[in-house]
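# Based on what follows, work out the 3D shape:
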Amino acid sequence: MEKMNRIEFKVYGRRALFSDPITRVGGEKCSYQIPTYQALKGITESIYWKPTLVWYIDKVRIMKPIRTESQGVRPIEYTTDKNTLSLYTYLRDVEYHVQAHFEWNENRPELAHDRDENKHFIIAKRMLERGGRRDIFLGTRECQGYAEPCAFMEGQGAYDDLDELSYGPMVHGLTYPDEARKPDEHGCLTVRFWQPSMKHGVITFIRPEECRMIRKVNEMKTKTFGSYNFSTVDGLQYLFGRDEVI
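From the prediction side, this is the model:
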């Protein structure tokens with residue numbers, strides 16, 4: 001039976017860059033071997049998002065062998081006229097199967113009237129069939145990706161026969177003030193860390209509030225949504241004319 005708040009899709013592209021922050025100190029960029037929770041959440045939000053809900057990534061399945069390639073890049077210099085050459089290490093020819101679900105954002109009571117599970121599920125499925133509402137990026141903007149519906153366990157994955165492969169500490173994601181569940185996370189931006197493990201090609205993510213390694217980045221206020229953020233159809237027709245709206 002299909003769960004009314006869960007979607008499954010595959011995302012793929014020629015290359016990806018899920019940056020390891022340790023390698024960015026000197027201007028270089030090197031990708032993690034696997035996508036982060038935050039990167040997959042951003043991809044899911046590009047498919048469909050509203051402030052009423054929060055997407056949670058349940059699992060990701062690595063479908064193709066993990067390969068890397070390095071490329072020389074000339075980053076933009078804002079402090080000097082000299083040219084700089086940096087080395088970026090990308091993942092090459094990637095494909096992932098993703099399982100995600102949404103829950104209501106309890107930190108936004110002003111949007112409680114919009115909590116219609118059936119409506120948001122149908123819209124999310126329709127947007128997924130069209131490839132998403134916004135452009136899909138695999139970590140960074142230069143890594144264009146494509147998303148389409150799929151069954152999570154369909155097809156043969158490159159690591160289906162591998163019992164277990166553990167990774168060291170890596171970034172799990174960011175917690176924004178409007179998605180905070182812990183009292184000490186309200187009013188600030190925090191970064192989360194965890195230690196993932198891949199079993200038979202599948203990585204099962206822990207929930208953001210289950211991460212024990214957390215670091216506060218800076219203070220941040222939550223944006224509020226009110227009637228001034230929304231426009232009725234009649235209001236748009238008044239501003240632009242009936243023909244333009246239709």
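
# mean confidence for the longest strand seen in the chain?
Determined from DSSP state E, the single longest strand within the chain is strand 86-104. Strand 86-104 comes out with an average pLDDT of 94.

# Assign a three-state SS to the residue nearest to Pro177 when sequence neighbours are not counted, would you?
Excluding the flanking residues, the one nearest Pro177 by C-beta to C-beta, 6 or more residues apart in numbering is Thr222, at 4.4 Å. (C-beta placed from N, C-alpha, C; glycine too.) Look at Thr222: counting by DSSP: H, G, I helix; E, B strand; the rest coil, its state is coil.

# I'd assumed Glu185 was in contact with Thr222.
No. Taking contacts as C-beta atoms under 8 Å, Thr222 lies outside contact range of Glu185: 11.3 Å.

# Which residues are in contact with each of those two?
Among the neighbours of Thr222, those also in contact with Glu185 (C-beta atoms under 8 Å, 6 or more residues apart in numbering) are Pro177.

# higher neighbour count, those two?
Counted by other C-beta atoms under 10 Å, Thr222 and Glu185 do not tie: Glu185 has more neighbours, with 19 against 14.

# Could you pull up phi and psi at that one?
In terms of degrees, to the nearest 10, the main-chain angles of Glu185 are phi -100, psi -10.

# Quick one: the strands in this protein, in order.
Under DSSP E, the chain gives strands at 6-16, 29-30, 53-62, 68-73, 86-104, 136-137, 144-149, 165-166, 170-175, 188-194, 197-199, 202-204, 213-219.

# residues of the longest one that come out buried?
Going back to what we said before, that points to strand 86-104. Within strand 86-104, the residues that count as buried by 16 or more other C-beta atoms under 10 Å are 88-92, 94-102, 104.

# low-scoring stretches of this protein, by residue?
Counting by pLDDT under 70, the chain shows low-confidence ranges at 1-3, 76-80, 83, 225-246.

# what about 80?
Along the chain, segments meeting pLDDT under 80 span 1-4, 24-27, 73-85, 180-186, 220-246.

# For Arg212, the count of nearby residues, please.
Around Arg212 there are 8 residues (other C-beta under 10 Å).

# Kindly report the same for Glu209.
13.

# repeat for Leu17
With other C-beta under 10 Å as criterion, Leu17 counts 22.

# gap between the residue nearest to Ala180 when sequence neighbours are not counted and Tyr167?
Closest residue to Ala180 apart from its sequence neighbours, by C-beta to C-beta, 6+ apart: His186 at 4.9 Å. Remark: distance between His186 and Tyr167 (C-beta to C-beta, to the nearest Å) = 30 Å.

# Same check on Asp161?
Going from Asp161 to Tyr167 by C-beta to C-beta gives 19 Å.

# now do Lys50
Lys50 sits 33 Å away from Tyr167, taking C-beta to C-beta as the criterion.

# if we can go back for a sec, of Asp161 and Tyr167, give the one with the bigger neighbour count.
Legend: neighbour count by other C-beta under 10 Å for Asp161 and Tyr167, higher for Tyr167 (14 against 9).
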